[in-house]
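Visitor: my questions are about this predicted structure, shown below with the sequence.
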Amino acid sequence: MQKRHWKILAALAVGAVSTFVVAQAQQRPTLTGQDYAEIMQLIARYPYVLDTCSNNGYDYADLYSDDGVFIDLWSNNGVKEGGIKWQGRDKLAEAAGGGPLGCKKTGEITHFIVNHRITPSAGGAVGLSYLLSGGGGGNSDIIQKNDPYEDIYVKTSNGWRIQQRSRVRDKARKTAGFTEGVYPVGDPRAKR
Amino acid sequence: MISRLQRHWTTLTALALGSAMALAVVHAQTRPRAPNGAIGLPGLTAQDYFEIRELANRYPYLIPTCDGEAYANMYADDGVFIDNWSNNGVKEGGIRWQGREKLAEAAGSGPLECNKSGLISYMATNHMITVLPDGTVKGTVYTLAGGGGRNPDVMRKNDPYEDIYVKTPKGWRFKQRAHVRDKNRPASSYTEGVYPMGDPRGPAKGDNRRLKAR
């Protein structure tokens, strides 16, 4: 009797483990067409809310999840610090030039995002896009290469949002002029 | 063989049960899909979204080819192109091309006899689609264009298109496309702009200024 039970339990375990392994192997992270569309739209919106500083920067902040963060890994300070972070709605609004900074931008669109690649990941999706911007040869109308954004997206109850956006340097690019970079308001490192 | 199967039926049943349980666990782990609540896309399916994008992406290829019929096909029957960008366009509060013939003319075909080189010079970027509470689907596309520093290969900023899209029996179409100025951009060089053929505000017949302007 005991031997028979042992057999049943072993068979249960073998069946469960093998099915689990096969099912997990088949279950690569995937995105629906709707997911791709919504993530693309999120990034298409980015330049407009950033450059116009609409709603005092809070339209920009709303592109991020509640725990979302923007990381400057592009400016000289950003690289030196291993990334300067803007996290939380108020800090994200500030990153767009709003909040305590009061939106002193002209509102001219200067960010143009191309080559937006989206890859499903275990937590949602990751993305890579390349920024073109005005200012080539010192002329704000001339478009020049800038550098990439590296993103992590997450699906929230409000739809897809940026969980992390890092502005990084294209390491293969030799000719760039990088800005010194800024720190969030109140960051003690700003006074060093 | 049958008697052997009968002897092991409990083992086989247990195997099947274990498999089913594991499958149920894996299925439950699948990330739940929240209802469509993304910024700018309430009510639009992915199919809608990509059709609208395709419409806007098709645009820069048709403009330089003077395929007036294909250009007009991108618009709804009552669709209209509005020039609110050129000097004349801004002065007039918008110069309108409406109806298939006029739209074909706006693309440079028809009576204008296609005076273009065919060079693709417009690049559409930052295509933002917004659904208004009343269901109107609007879009903004920022164009970059060749000609920076008078070099056709150097890209420069142009200005936005502001669109209204409508779903017709033939698919998504422009109900309205307006070329507008980026109001926040420092004064740029704009063309004088042209009027539709026959418009009394335009140059007299035989005047080829409109050909040059394009």
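Guide: Ah, there it is.
Visitor: which stretches in chain A count as helices?
Guide: Ranges of helices in chain A, per DSSP state H, are A:2-26, A:33-52, A:58-61, A:76-80, A:89-95.
Visitor: same list (those helices) but as TSV, adding mean pLDDT and mean neighbour count.
Guide: To be clear about C-beta, it is placed using only N, CA and C from the backbone, and glycine gets the same treatment. Below are the helices of chain A laid out as TSV (pLDDT from 0 to 100; neighbours: other Cβ atoms under 10 Å in any protein chain shown):
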stretch	mean pLDDT	mean neighbour count
helix A:2-26	69	14
helix A:33-52	96	22
helix A:58-61	96	22
helix A:76-80	95	16
helix A:89-95	97	22
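Visitor: can I get these in a markdown table with distance to B:Asp199?
Guide: Shown next, in a markdown table, are the helices of chain A (distance: least, Cβ to Cβ, whole Å):
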| stretch | distance to B:Asp199 |
| --- | --- |
| helix A:2-26 | 63 |
| helix A:33-52 | 33 |
| helix A:58-61 | 40 |
| helix A:76-80 | 54 |
| helix A:89-95 | 47 |
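Visitor: wait, which of those helices is closest to B:Val137?
Guide: Comparing the helices of chain A against B:Val137 with Cβ to Cβ, the closest turns out to be helix A:33-52 (11.9 Å).
Visitor: any stretches of chain B with poor pLDDT?
Guide: For chain B, the stretches flagged by pLDDT under 70 are B:1-40, B:111-112, B:188, B:203-214.
Visitor: one more time with 50
Guide: B:25-38, B:208-214 (pLDDT under 50).
Visitor: center of it - which residue?
Guide: B:Ala56 (2.1 Å; Cα atoms, centre = their mean).
Visitor: state the helix or strand in which that residue lies.
Guide: According to DSSP states H and E, B:Ala56 maps onto helix B:46-62.
Visitor: chain B: strands as residue ranges?
Guide: In chain B, the strands defined using DSSP state E lie at B:75-84, B:95-98, B:122-131, B:137-146, B:155-168, B:171-180.
Visitor: save the ones you listed as TSV, and put in mean neighbour count too.
Guide: Below are the strands of chain B laid out as TSV (neighbours: other Cβ atoms under 10 Å in any protein chain shown):
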stretch	mean neighbour count
strand B:75-84	19
strand B:95-98	20
strand B:122-131	19
strand B:137-146	20
strand B:155-168	20
strand B:171-180	20
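Visitor: how about those strands in JSON lines, adding distance to chain A?
Guide: Converted to JSON lines, the strands of chain B look like this (distance: least, Cβ to the nearest Cβ, whole Å):
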{"stretch": "strand B:75-84", "distance to chain A": "17"}
{"stretch": "strand B:95-98", "distance to chain A": "24"}
{"stretch": "strand B:122-131", "distance to chain A": "5"}
{"stretch": "strand B:137-146", "distance to chain A": "6"}
{"stretch": "strand B:155-168", "distance to chain A": "4"}
{"stretch": "strand B:171-180", "distance to chain A": "12"}
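Visitor: which one of those lies closest to A:Leu131?
Guide: strand B:122-131 (10.6 Å).
Visitor: list of residues touching that closest one?
Guide: The contact list for strand B:122-131 (Cβ atoms under 8 Å, 6 or more residues apart in numbering or on different chains) reads A:41, A:44-45, A:47-48, A:109, A:111-114, A:132, B:40-44, B:49, B:52-53, B:56-57, B:59-60, B:63-64, B:137-145, B:155, B:158, B:161, B:165.
Visitor: now the longest strand along chain A against strand B:155-168, angle please.
Guide: When chain A is parsed with DSSP E, its longest strand is strand A:143-156. Using axes from the mean of the first three to the mean of the last three Cα atoms, to 10 degrees, the inter-axis angle of strand A:143-156 relative to strand B:155-168 is 40 degrees.
Visitor: what sits against A:Asp59?
Guide: Taking Cβ under 8 Å, 6+ apart as the test, what A:Asp59 contacts is A:49, A:96.
Visitor: tell me how chain B divides into domains.
Guide: B:1-32, B:46-213 (automatic domain parsing).
Visitor: need the winner for burial among these.
Guide: Comparing the domains of chain B by mean neighbour count (mean count of other Cβ atoms under 10 Å in any protein chain shown), domain B:46-213 ranks first with a mean of 17.
Visitor: now find how far off-centre it is within its chain.
Guide: For domain B:46-213, the gap between its own C-alpha mean and the chain's C-alpha mean amounts to 11 Å (Cα atoms, centre = their mean, to the nearest Å).
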